[in-house]
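Student: Using only what follows, build the 3D model:
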Amino acid sequence: MSRRRRYFGKWRGKLNAKLHEGVWLPGGEAHLIEMMSPGAKRFARLPDGRASYQRHKYLAALDLVRARQVFVDIGAHVGLWSMQAEFDFAEITAFEPHPVHADLYRHNVGRGVLHEVALGDAEAAVSLTSSPTSSGDTWVSGTGDIPMRTLDGFGLERIDLLKIDTEGYELPILRGAAETLRRCRPVVVVEQKGRDARYHGGRDGEALDLLREMGAVPLRAPISGDHFMGWV
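Tutor: Numbering: from 1, shown residues only. Presented below is the predicted three-dimensional model:
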């Protein structure tokens, strides 16, 4: 019996979860089921046969990375990017504050370090809101009992690829990661879609402006709202 199967046995019946194309997802998930099914426009599989999500974006980012030592996944959800990074990077560090998503991450991803905290520009305690049928739509929605820290507070010595997908909360995360970014100069994949930032008092594109102030530049054209930034 695999390590993942043993782990899942610890919480079978406690979490509402389902297995789809080899990937554990929240029980109410509908959007990812559609996107990760054969016949979907961007359907792709990992080398181990499991379905992947945003594979084309991950591979576009991977092409920009000079060294493949450390991948950092902020807004890791159930590990859909970390699952891919397992095949390419020596080390994985992930951040996922939602307790159900974090448990599923540990089932989907076989190695690396997962921190069950939100990231921002200060230490605080926050709450989260999550869509019942599209669990990737999970966002910071006020004060609560989930710990928030800064990426700088973790003292990471190296990052080669950094992915941030936090439904509009990217700007505070980058503010709290400024020292780390200037020191490590990674390739950064940051989502900037629609009006998400406005829900947190920001404006569209502010996260990209901050990265440019730090010296980062676009490394390629965006793909469906995800921007690829880095230091040349």
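Student: so where is the protein shaky, pLDDT-wise?
Tutor: For the chain, the stretches flagged by pLDDT under 70 are 1-15, 194-203.
Student: let's go with 90 and repeat that
Tutor: The chain contains residues with pLDDT under 90 at 1-16, 139, 141-142, 167-168, 192-205, 232.
Student: tell me the helices in it, going along the chain?
Tutor: 3-11, 31-35, 55-62, 82-85, 99-108, 170-175, 178-184, 206-213 (DSSP state H).
Student: Arrange the ones you listed in TSV, one row each, with distance to A76 and mean neighbour count as further columns.
Tutor: (Glycine included, C-beta is placed from N, CA and C.) Shown next, in TSV, are these (distance: least, C-beta to C-beta, whole Å; neighbours: other C-beta atoms under 10 Å):
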stretch	distance to A76	mean neighbour count
helix 3-11	16	12
helix 31-35	14	16
helix 55-62	13	19
helix 82-85	6	26
helix 99-108	6	21
helix 170-175	13	24
helix 178-184	17	17
helix 206-213	18	18
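Student: if I look at the nearest residue to G215 once chain neighbours are set aside, how far off is V100?
Tutor: Leaving out its chain neighbours, the residue that sits closest to G215 by C-beta to C-beta, 6 or more residues apart in numbering is W231, at 5.8 Å. Using C-beta to C-beta, to the nearest Å, W231 is found at 36 Å from V100.
Student: show me what contacts G79?
Tutor: D73, A94, L104, Y105, N108, V109 (C-beta atoms under 8 Å, 6 or more residues apart in numbering).
Student: 7 Å - rerun?
Tutor: Y105, N108, V109 (C-beta atoms under 7 Å, 6 or more residues apart in numbering).
Student: Likewise for G75?
Tutor: Contacts of G75 by C-beta under 7 Å, 6+ apart are I164, D165, T166.
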